[in-house]
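Asker: 3D model of this:
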Amino acid sequence: MNDLETAKEFLKKKHLSLVIVKDGTTIFHSRSSGISGLLEAVEILRNDLNGSSVADRVVGRAAGLLLASSRVGVVYALTLSVEGLKVLEENKVPLQYEMLVPKILDKSGRDICPFERFSMTIGSLSEAYEKLKNFAETLKK
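Answerer: This next block holds a predicted model:
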């Protein structure tokens with residue numbers, strides 16, 4: 001079984017929100033909701049994400065920016081937003097997904113996710129992590 005298949009299987013069987021596999025080893029997994037697990041993975045793993053296989057329950061534009069800037073090898077998403085798809089395709093990140101949606105919604109299901117909205121102000125991959133991390137901190141306050 002290849003790394004992406006391993007990540008997908010682990011994501012589904014263990015009911016996780018994020019699984020990252022590299023060279024046959026699961027190097028990160030999370031049950032955190034939203035983008036917090038991916039922010040944590042980028043903080044901890046940094047360059048180790050390069051070439052990894054990532055399975056994530058929800059990938060919007062913000063997650064797409066983080067994944068592309070981390071130079072992951074391939075992405076699988078259960079749910080992918082149109083903006084997330086654009087970011088990953090523009091940065092030539094191979095991907096698979098189950099469901100494509102117009103936008104990622106917030107927890108109430110009535111409005112666009114705050115990270116999806118905020119990420120529209122981010123113009124380059126190099127600034128994505130710091131801006132998203134700082135935005136996450138402001139939301140916690």
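Asker: Quick check: nearest residue in space to residue 107, chain neighbours excluded?
Answerer: Residue nearest to residue 107 in three dimensions, not counting chain neighbours: residue 33, with 7.8 Å by CB to CB, 6 or more residues apart in numbering. Using the backbone N, CA and C atoms, a C-beta is placed for each residue, glycine as well.
Asker: Ramachandran coordinates for the one you found?
Answerer: The phi/psi pair for residue 33 (degrees, to the nearest 10) reads phi -90, psi 160.
Asker: wait, isn't it in contact with residue 17?
Answerer: Yes - under the criterion of CB atoms under 8 Å, residue 33 makes contact with residue 17 at 6.4 Å.
Asker: who's more crowded, those two?
Answerer: For residue 33 and residue 17, the more surrounded residue by other CB atoms under 10 Å is residue 17, and the numbers stand at 20 against 11.
Asker: Quick check: that one vs residue 126, distance?
Answerer: In this view, residue 17 and residue 126 are 26 Å apart by CB to CB, to the nearest Å.
Asker: mind listing what's buried in the lengthiest helix in the chain?
Answerer: Longest helix of the chain, by residue count under DSSP state H: helix 125-140. If you call a residue buried by 16 or more other CB atoms under 10 Å, then helix 125-140 has these buried ones: 125, 128-129, 131-132, 135-136.
Asker: Contacts only, for the spatially most central residue of the chain.
Answerer: The centroid of the chain falls nearest to residue 63 when counting by CA atoms, centre = their mean (3.6 Å). By CB atoms under 8 Å, 6 or more residues apart in numbering, the residues touching residue 63 are 35, 38, 56, 84, 115.
Asker: ok, now with 7 Å
Answerer: Applying CB atoms under 7 Å, 6 or more residues apart in numbering, we find residue 63 in contact with 35, 38, 56, 84.
Asker: same thing with residue 106?
Answerer: 112-114.
Asker: Understood, closing this out.
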